[in-house]
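>>> generate coordinates for the sequence data below:
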Amino acid sequence: MVTLFGDCVTLWRIKIGTQIYKLNIMTTNQSIEDFSITAAETLSDSLEALGMSQDDLAIRTGLDKKTISMVISGAEPITHKTATALERALHVPAHFWLNMATV
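Next up is the predicted model:
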């Protein structure tokens with residue numbers, strides 16, 4: 001769970017080629033009380049922000065489409081193998097995905 005303060009919080013940064021994409025959340029000085037975002041939600045939001053389909057992610061990761069679908073739906077956890085594949089495809093460290101999976 002997270003409590004945010006300040007004007008802007010960067011949830012993640014990803015570099016694809018020469019482009020850097022960031023997901024920022026604007027906040028007020030009031031705290032946002034206890035919320036959590038699952039790894040499945042984060043992955044789904046990341047794909048949407050990048051304009052990438054589940055099929056595209058399956059190709060980039062080398063994982064089958066069913067595995068990607070199950071992870072995004074939250075029906076299957078992010079394993080070390082999946083996190084490593086996501087790291088290669090999205091340039092987001094595997095430990096990020098594994099830490100998200102434990103929340």
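>>> and residue 54, how far from residue 42?
Separation of residue 54 from residue 42 (C-beta to C-beta, to the nearest Å): 14 Å. Just so you know, the C-beta spots here come from the backbone N, C-alpha and C atoms, and that holds for glycine as well.
>>> what about those two, which has more around it?
Between residue 54 and residue 42, residue 42 has the larger neighbour count (other C-beta atoms under 10 Å), namely 20 against 17.
>>> secondary structure element for the more buried one, which one?
Here residue 42 sits within helix 39-50, counting by DSSP states H and E.
>>> pull out the buried residues from that helix.
Buried residues in helix 39-50, counted by 16 or more other C-beta atoms under 10 Å: 39, 40, 42, 43, 44, 46, 47.
>>> surely the fifth one touches residue 74?
Yep, that's residue 44 we're talking about. No - judged on C-beta atoms under 8 Å, residue 44 makes no contact with residue 74 at a distance of 9.4 Å.
>>> what about residue 100, distance to residue 59?
23 Å.
>>> higher neighbour count, those two?
Neighbour totals were compared for residue 100 and residue 59, and residue 100 leads with 20 against 14 (other C-beta under 10 Å).
>>> nearest residue to that one in space, ignoring adjacent ones along the chain?
Spatially, and ignoring its direct neighbours in sequence, residue 100 is nearest to residue 39 (3.7 Å; C-beta to C-beta, 6 or more residues apart in numbering).
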